[in-house]
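Colleague: Quick check, what structure comes out for this input:
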Amino acid sequence: MGVGKSCLLHQFTEKKFMADCPHTIGVEFGTRIIEVCGQKIKLQIWDTAGQERFRAVTRSYYRGAAGALMVYDITRRSTYNHLSSWLTDARNLTNPNTVIFLIGNKCDLDAQRDVTYEEAKQFADENGLMFVEASAKTGENVEEAFLETAKKIYQNIQDGSLDLNAAESGVQHKPTAPRNALMCRKRYQASIETVDLIIVCAAATLL
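Modeller: Predicted coordinates for the structure are as follows:
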């Protein structure tokens with residue numbers, strides 16, 4: 001049984017729940033055009049396999065990601081317990097300003113909960129992660145997780161903390177000339193075209 005990251009992606013891109021989401025083999029891909037601060041941006045989302053035997057493949061996708069969504073299953077503590085290891089990979093392989101968002105999936109199964117909201121929130125706070133519990137089945141907070149990740153990336157671009165010229169920025173853009181003096185005072189002006197995200201799960205299986 002997976003943590004439901006592929007179902008989260010399907011819910012976000014197709015706005016519907018896919019009950020029989022198969023395990024991801026290698027890497028899958030999804031896209032959706034969103035609007036951030038009045039600008040349309042295409043999110044390119046890489047859905048990576050959670051099984052340990054695919055971990056080397058997953059690592060290769062970190063390098064070109066502007067954001068990473070780490071997913072665990074609130075009903076399976078084993079997936080939560082492996083977060084630290086996967087977070088270490090993310091921190092070691094992405095650029096320092098990559099946005100990492102922690103998602104506790106399956107919040108619709110609260111009666112089967114094995115990980116409390118409070119302990120996951122504490123883990124997120126201690127590690128500087130954005131955090132929400134969500135449900136791929138009902139759609140609760142799915143939109144929020146992806147959009148807030150994109151907004152944070154956009155903020156990092158606007159304040160100059162994310163270098164768009166770096167090969168590993170995970171953002172495709174077109175520089176634009178400032179239209180007035182106010183815009184000149186901003187550190188960077190660009191027309192953002194696409195933003196690459198990666199979804200990973202803290203799997204405990206060795207399948």
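
Colleague: least trustworthy helix or strand in the chain by mean pLDDT?
Modeller: Scoring the helices and strands of the chain by mean pLDDT, DSSP states H and E places helix 181-184 at the bottom, with a mean of 40.

Colleague: So for the chain, the centremost residue is which one?
Modeller: Within the chain, one residue has its C-alpha closest to the average C-alpha position: by C-alpha atoms, centre = their mean, that is L69, at 2.5 Å.

Colleague: Adjacent strands (with direction) for the helix or strand it falls within?
Modeller: With the criterion set as DSSP states H and E, the secondary-structure element containing L69 is strand 67-73. Paired neighbours of strand 67-73 in the sheet (DSSP bridges): strand 99-105 (parallel), strand 190-201 (parallel).

Colleague: Next, the angle strand 67-73 makes with the helix or strand hosting W86.
Modeller: Under the criterion DSSP H and E, the helix or strand holding W86 is helix 83-93. Angle between the axes of helix 83-93 and strand 67-73 is 170 degrees (criterion: axes from the mean of the first three to the mean of the last three C-alpha atoms, to 10 degrees).

Colleague: neighbouring contacts of the lengthiest helix in the chain?
Modeller: Longest among the helix segments of the chain by residue count, using DSSP state H, is helix 142-158. Under the contact criterion C-beta atoms under 8 Å, 6 or more residues apart in numbering, helix 142-158 has outside partners 8, 11-12, 32, 34, 36-37, 39, 41, 43, 45, 66-67, 69, 97, 99, 101, 103, 130, 132, 134-136, 162, 164, 171, 186-188, 190, 192, 195, 197. Heads up, the C-betas are built off the backbone N, CA and C, glycines and all.

Colleague: pLDDT of that helix, averaged?
Modeller: In this model, helix 142-158 has an average pLDDT of 92.

Colleague: Taking strand 99-105 as reference, get the angle to it.
Modeller: Our comparison of helix 142-158 with strand 99-105, counting by the same axes, to 10 degrees, yields an angle of 170 degrees.

Colleague: Restricting to C-alpha, output helix 142-158 in PDB.
Modeller: Written as PDB, here are the backbone C-alpha positions of helix 142-158 (Å, rounded to 0.1, in the frame of the first residue of the first chain):
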ATOM      1  CA  VAL A 142      -4.700  19.200  -2.000                       C
ATOM      2  CA  GLU A 143      -5.000  22.500  -3.900                       C
ATOM      3  CA  GLU A 144      -3.500  24.400  -1.000                       C
ATOM      4  CA  ALA A 145      -0.400  22.200  -0.800                       C
ATOM      5  CA  PHE A 146       0.500  22.700  -4.500                       C
ATOM      6  CA  LEU A 147      -0.500  26.300  -4.800                       C
ATOM      7  CA  GLU A 148       1.300  27.400  -1.600                       C
ATOM      8  CA  THR A 149       4.400  25.600  -2.800                       C
ATOM      9  CA  ALA A 150       4.300  27.500  -6.100                       C
ATOM     10  CA  LYS A 151       3.600  30.800  -4.300                       C
ATOM     11  CA  LYS A 152       6.600  30.300  -2.000                       C
ATOM     12  CA  ILE A 153       8.800  29.600  -5.000                       C
ATOM     13  CA  TYR A 154       7.500  32.700  -6.700                       C
ATOM     14  CA  GLN A 155       8.300  34.800  -3.600                       C
ATOM     15  CA  ASN A 156      11.800  33.400  -3.600                       C
ATOM     16  CA  ILE A 157      12.200  34.500  -7.200                       C
ATOM     17  CA  GLN A 158      10.900  38.000  -6.500                       C
END
